[in-house]
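Colleague: My questions are about this predicted structure, shown below with the sequence.
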Amino acid sequence: MSLRVLVGCKRVIDYAVKIRVRPDKLGVVTDGVKHSMNPFDEIAIEEAVRLKEKKIAKEVIAVSCGPTQAQETIRTALAMGADRGIHVEIPAKEMEKLEPLHVSKILAKLAEQEQAELVIVGKQAIDDDSNATAQMTAALLDWPQATFASKLEKTDGELEVTREVDGGLETIKVKLPAVVSSDLRLNEPRYATLPNIMKAKKKKIAKMKPKDLGVDLASHLEVVEVVDPPTREAGIKVEDVDTLVTKLKDAGRI
Amino acid sequence: MGYRYCGARPTLTTQSHPPQIVKEQILAETELSHKHLTPELKLHLITPTCRLWTSPPPHSPFLDPFWAFYWPGGQAVSRFILDNAHLVKGKRVLDFGCGCGASGLAAKTSTAKHVTFNDIDKVALEAVLLNGYQNNIVVDSLLSSNLIGSPSGQYDVVLVGDMLYDTEFAHQVLCWLQNLHESGSLVIIGDPGRFALESHPLKKLLMCLGKYELTEATILENRGYTQAFVWTFR
Ligand SMILES: Cc1cc2nc3c(=O)[nH]c(=O)nc-3n(C[C@H](O)[C@H](O)[C@H](O)COP(=O)(O)OP(=O)(O)OC[C@H]3O[C@@H](n4cnc5c(N)ncnc54)[C@H](O)[C@@H]3O)c2cc1C
Ligand SMILES: C[S@@+](CC[C@H](N)C(=O)[O-])C[C@H]1O[C@@H](n2cnc3c(N)ncnc32)[C@H](O)[C@@H]1O
């Protein structure tokens, strides 16, 4: 059996950008800011492509829900080895109100339409850090889920997944079809090279709207306030360990 | 710099001498490589040691230099032809979408009577000339027109290396190739298992002639594929 794999890839503010809160305190500044693919999604795509190299997957479909520029994110996924893309168009001004539940509904619907047997998403997007899309997609599809994966292996009709949990590593088996979310150590994505980028230009990106999939974007969440984390106070330098211990005692830390 | 060529690439008249400038640019941006399935052919290719390997496409003086890579399908066809020389010996051969021209050069090595190198990218045809020269192989003729849909007749053997990369284009190509097959040409297709071929209804009319493991370097260039197959119509 060879799987069709659906992979979610979100366009987010680049991880190296210093985030600035908007004056209205209802979001962060995104205009003119460098964006790239959510790092966990790069890992998800890479894993799907590796499954294809191992002949476990037959086709990898990259899905991005976002504004026009989300197509660049899809192109990146195609250059990494995905076979085709689906762009679910969300106008830029509605992007902020897009919730994990909406994305999950979109992914679940597409998984059914495309007859995917595996959905891989990142464990979280580094912009909202919700960590919810994989779990809700699995629930909507009524498929098993294997979150925070750091290793995937296919056995007969099942996936053996090593998960990063608080106490260390946990290995579980899930029946296919299933939803997997990628953790940082699942793999190291390879950089796209010219031949892969060139070929990606020829690959198809289908466009659709949430309502084509019967997904309603009504809000369930309300942003009350977005604030910067408290700035850290300056530290001090100490001469030796003894002074450090004294200072810590004085500060009531030990 | 070379970026200029993106808009107005030097023109090439078939069979005439290559404009020196394109030739120089190819030599400057490529490396002679034999890290592929037909090491007996040294080809001017963009490899990991070339600057363009990791440059974004706008930095390339060539618009989509498909000829600068030796695609898995082409490698499989060429290997197959070199190992089964009798199929092309004394025959008139077309290398359709020849790119670097390796498959046609393999046919010449296997003593084909006449090989037509066809690619709609005229820069590719310059690369073919350089690659022929490098391997001491005479390049019989170059053709830059789009042959899809045209009747065959003139070719005994049609080589098709990695032309089935896009679903719609693959459909056009496969239908045309089926016609060529029906009018008597031997059609030899190389493909790494791209979805466009795998999912096409005509796939069931094809018969596998060979299967090859790709080299490490080729796997890096072609995310997702580790093998290539050679097919012909039953
Ligand atoms: C793609 C991505 C994935 C991520 N995944 C995870 C994840 O899976 N799990 C997770 O927990 N976080 C994750 N993060 C968050 C990120 O890893 C955290 O920022 C990180 O955990 C903070 O640790 P750090 O040492 O890198 O931070 P730093 O900011 O470098 O350091 C944190 C503290 O360490 C001390 N320190 C740093 N350098 C030195 C030094 N040279 N000597 C002495 N003390 C030093 C300082 O006290 C400093 O305040 C992720 C972030 C990104 C962008
Ligand atoms: C993926 S490359 C394959 C090159 C070569 N056969 C190989 O396997 O290395 C596809 C090539 O087909 C050429 N091409 C695309 N459409 C064509 C057409 N209609 N007729 C001729 N060549 C075409 C491109 O310019 C490109 O060089």
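Modeller: Thanks, I have it. Ligands and ions are numbered 1, 2, ... in the order given.
Colleague: low-scoring pLDDT stretches of chain B, where are they?
Modeller: By pLDDT under 70, the weakly predicted segments of chain B are B:1-19, B:152.
Colleague: Quick check: the residue of it nearest ligand 2.
Modeller: As assessed by C-beta to the nearest ligand atom, ligand 2 sits closest to residue B:74 within chain B, at 1.9 Å. (Each C-beta comes from the backbone N, C-alpha and C, glycine too.)
Colleague: ok, now which ones touch that residue?
Modeller: Under the criterion of C-beta atoms under 8 Å, 6 or more residues apart in numbering or on different chains, the contact list for residue B:74 reads B:99, B:100, B:102, B:103, B:161, B:162, B:190.
Colleague: repeat that for 10 Å
Modeller: Residue B:74 sits next to B:36-38, B:95, B:97-104, B:106, B:159-163, B:190-191, B:228 when contact means C-beta atoms under 10 Å, 6 or more residues apart in numbering or on different chains.
Colleague: in chain B, which spans are strands?
Modeller: In chain B, the strands defined using DSSP state E lie at B:31-33, B:43-45, B:92-96, B:114-118, B:141-143, B:157-161, B:186-191, B:206-213, B:227-233.
Colleague: Any idea how many residues pack against residue 79?
Modeller: Unless you meant another one, I'm taking chain A. Counted by other C-beta atoms under 10 Å in any protein chain shown, the residues lying close to residue A:79 total 22.
Colleague: meant chain B, my bad for not saying
Modeller: Residue B:79 has 23 nearby residues by other C-beta under 10 Å.
Colleague: ok, the nearest residue to it once chain neighbours are set aside - contacts?
Modeller: Using C-beta to C-beta, 6 or more residues apart in numbering or on different chains and skipping the chain neighbours, the partner closest in space to residue B:79 is residue B:37 (4.4 Å). Residues in contact with residue B:37 (C-beta under 10 Å, 6+ apart) are B:70, B:72, B:74-80, B:82, B:102, B:190, B:212-215, B:218, B:228.
Colleague: Next: residue B:215.
Modeller: By C-beta under 10 Å, 6+ apart, the residues touching residue B:215 are B:34, B:35, B:36, B:37, B:39, B:70, B:72, B:75, B:221.
Colleague: List the contacts of the last one.
Modeller: Listed by C-beta under 10 Å, 6+ apart, the contact partners of residue B:221 are A:193-196, A:198-199, B:36, B:45-48, B:53, B:69-72, B:214-215.
Colleague: Buried among the contacts of residue B:74? Make that a ChimeraX selection.
Modeller: Selection of buried members from these for ChimeraX, criterion 16 or more other C-beta atoms under 10 Å in any protein chain shown:
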select /B:36,37,38,95,97,98,99,100,101,102,103,104,106,159,160,161,162,163,190,191,228
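Colleague: Where does chain B get nearest to chain A, which residue?
Modeller: residue B:223 (3.0 Å; C-beta to the nearest C-beta).
Colleague: Share the number of residues neighbouring that residue, please.
Modeller: Using other C-beta under 10 Å: residue B:223 sits among 25 other residues.
Colleague: which residues does it contact?
Modeller: Per C-beta under 10 Å, 6+ apart, neighbours of residue B:223: A:45-46, A:49-50, A:52-53, A:60, A:78-82, A:190, A:192-193, A:195-196, A:199-200.
Colleague: ok, now with 6 Å
Modeller: A:49, A:81, A:196 (C-beta atoms under 6 Å, 6 or more residues apart in numbering or on different chains).
Colleague: Just put the strands of chain B in JSON lines and tack on distance to ligand 1.
Modeller: Formatted as JSON lines, the strands of chain B follow (distance: least, C-beta to the nearest ligand atom, whole Å):
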{"stretch": "strand B:31-33", "distance to ligand 1": "35"}
{"stretch": "strand B:43-45", "distance to ligand 1": "34"}
{"stretch": "strand B:92-96", "distance to ligand 1": "45"}
{"stretch": "strand B:114-118", "distance to ligand 1": "47"}
{"stretch": "strand B:141-143", "distance to ligand 1": "49"}
{"stretch": "strand B:157-161", "distance to ligand 1": "39"}
{"stretch": "strand B:186-191", "distance to ligand 1": "36"}
{"stretch": "strand B:206-213", "distance to ligand 1": "34"}
{"stretch": "strand B:227-233", "distance to ligand 1": "33"}
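Colleague: Next up, phi/psi of residue B:98, please.
Modeller: Dihedral pair for residue B:98: phi -70, psi -20, per degrees, to the nearest 10.
Colleague: how about it, what does it touch?
Modeller: B:104, B:117, B:118, B:119.
Colleague: State the distance from residue A:150 to ligand 1.
Modeller: 10 Å (C-beta to the nearest ligand atom, to the nearest Å).
Colleague: separation between that residue and residue A:15?
Modeller: From residue A:150 across to residue A:15, the span is 19 Å (C-beta to C-beta, to the nearest Å).
Colleague: out of the two, which sits in the more crowded spot?
Modeller: Neighbours were counted for residue A:150 and for residue A:15 using other C-beta under 10 Å; residue A:150 has more, 17 against 11.
Colleague: now the more buried one, what's its secondary structure?
Modeller: Secondary structure state of residue A:150, per DSSP: H, G, I helix; E, B strand; the rest coil, is strand.
Colleague: Quick check: it touching residue A:164?
Modeller: Yes - the criterion here is C-beta atoms under 6 Å, and residue A:150 meets it with residue A:164 at 5.1 Å.
Colleague: Give me the common contacts of those two.
Modeller: Residues touching both residue A:150 and residue A:164 (C-beta under 6 Å, 6+ apart): residue A:183.
Colleague: Next up, identify which helix or strand the residue of chain A found nearest ligand 2 is on.
Modeller: Nearest to ligand 2, among the residues of chain A, is residue A:199, at 7.5 Å (C-beta to the nearest ligand atom). Following DSSP states H and E, one finds residue A:199 within helix A:194-200.
Colleague: ok, residues contacting that helix?
Modeller: Looking at what lies outside helix A:194-200 - C-beta under 6 Å, 6+ apart - the contacts are A:75, A:78, A:79, B:52, B:53, B:57, B:64, B:69, B:221, B:223.
Colleague: can you put these in JSON lines and add distance to ligand 1?
Modeller: Converted to JSON lines, those look like this (distance: C-beta to the nearest ligand atom, whole Å):
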{"residue": "A:75", "distance to ligand 1": "20"}
{"residue": "A:78", "distance to ligand 1": "21"}
{"residue": "A:79", "distance to ligand 1": "19"}
{"residue": "B:52", "distance to ligand 1": "29"}
{"residue": "B:53", "distance to ligand 1": "25"}
{"residue": "B:57", "distance to ligand 1": "26"}
{"residue": "B:64", "distance to ligand 1": "32"}
{"residue": "B:69", "distance to ligand 1": "31"}
{"residue": "B:221", "distance to ligand 1": "27"}
{"residue": "B:223", "distance to ligand 1": "21"}
